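Asker: no sequence on this one, just coordinates:
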């Protein structure tokens, strides 16, 4: 039963890793949507806007802020794609280990 217990422990660890990846994915998705909304609001802005820089507000041309937000969104979306690849790999490994465990479990011994 040592190998089975080892696999079960590994499966639990992978489940924890998956939960962490899913939390990161959710946070990045929210960040991407927030940036997208900010960009949409800037579409209508023709003048300068104010951006928080540390504890102060700084007046910046709207086009500059929009460009920075677009760059930020691109970076967040790239991280999101990387997280999605990690999620898929983890899910595949989890499924594989679950199948191994099921194959090692004793079949029903009814009578």
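Answerer: Here it is on my side, so go on. These numbers were taken from a predicted model, which means no experiment stands behind them. Numbers count the residues shown, from 1 in each chain.

Asker: mind listing the strands for this structure?
Answerer: For the chain, the strands defined by DSSP state E cover 48-53, 56-61.

Asker: check contacts around the residue nearest the centre of the chain.
Answerer: Closest residue to the average C-alpha location of the chain: residue 25 at 1.5 Å, with C-alpha atoms, centre = their mean. When contacts are counted by C-beta atoms under 8 Å, 6 or more residues apart in numbering, residue 25 is found next to 80, 83-84, 87. C-beta: built from backbone N, CA, C; applies to glycine.

Asker: to residue 96, which of the strands of the chain lies closest?
Answerer: The closest of the strands of the chain to residue 96 is strand 48-53. By C-beta to C-beta, the value is 46.4 Å.

Asker: and the angle for the closest one with strand 56-61?
Answerer: For strand 48-53 against strand 56-61, the angle by axes from the mean of the first three to the mean of the last three C-alpha atoms, to 10 degrees is 140 degrees.
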